[in-house]
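> One predicted model, sequence on top.
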Amino acid sequence: MRSLNRNKRTIYYSAVYDDEKIYDSNGDFTGEYDIAGDDPTEFKINFSANTGEAEREIFGIINEYQRVMVTNDMNCPIRETYALWVNTDPTDEPYDYIVLRRADSLNSISFLIQEVKVGG
């Protein structure tokens, strides 16, 4: 199956190196973390349906908070543990998904992504 341009959605991705602890003016850990990583980069990619036979075969049973992204760009720079802005804007909000798994095939790359809550 080819990846149709009209079905692609714009997302942003970033390598996350580490979550840095935030300290208050007294030097005490606040319990919150700041994201340390690259600047978000725009990428267009297809999202498959939340359920389906292909997703179960590739990644096992998918929970409702997980989705699959698919691209035919074999040079796709997205890797496991990358942060994704799928439903949010990277200039206003923290990332809302992370990449759990990457599965390369002959003509496409599939990513299992999971929704996360960051900073709140």
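Now that the structure is in, tell me what you want to look at.
> my guess is residue 103 meets residue 76, correct?
No - with contact defined as Cβ atoms under 8 Å, residue 103 does not reach residue 76; the gap is 11.8 Å. Placement of C-beta: from N, CA and C, glycine included.
> which residues in the chain form helices?
Counting by DSSP state H, the chain has helices at residues 53-59.
> Give me the below-cutoff pLDDT ranges for it.
1-3, 17-19, 35-36, 49-65, 119-120 (pLDDT under 70).
> Please identify the residue most distant from the middle of it.
Of all residues in the chain, residue 26 has its C-alpha farthest from the mean position, at 34.8 Å, by Cα atoms, centre = their mean.
> mind pulling up the phi and psi values for that one?
Per-residue torsions, residue 26: phi -90, psi 0 (degrees, to the nearest 10).
> Quick check: the gap between it and residue 11.
To residue 11, residue 26 is 39 Å away according to Cβ to Cβ, to the nearest Å.
> Could you do residue 67 as well?
Applying Cβ to Cβ, the value for residue 67 to residue 11 is 11 Å.
> ok, those two, which is more surrounded?
When residue 67 and residue 11 are compared for neighbours, residue 11 comes out ahead with 24 against 20, by other Cβ atoms under 10 Å.
> Pretty sure that one sits against residue 86.
Yes - contact criterion Cβ under 8 Å: residue 11 and residue 86 qualify, at 5.2 Å.
> quick one: contacts of stretch 99-113?
Residues outside stretch 99-113 that contact it (Cβ atoms under 8 Å, 6 or more residues apart in numbering): 1, 3, 13, 48, 58-59, 62, 66-74, 76, 78-82, 84, 86, 97-98, 114.
> before we move on, the earlier item: who has more neighbours out of residue 103 and residue 76?
Neighbour count, other Cβ under 10 Å: between residue 103 and residue 76, residue 76 has more, with 17 against 13.
> what's around the closest residue to residue 84 other than its chain neighbours, how many residues?
Nearest residue to residue 84, sequence neighbours excluded (Cβ to Cβ, 6 or more residues apart in numbering): residue 97, at 4.1 Å. When neighbours are counted by other Cβ under 10 Å, residue 97 registers 24.
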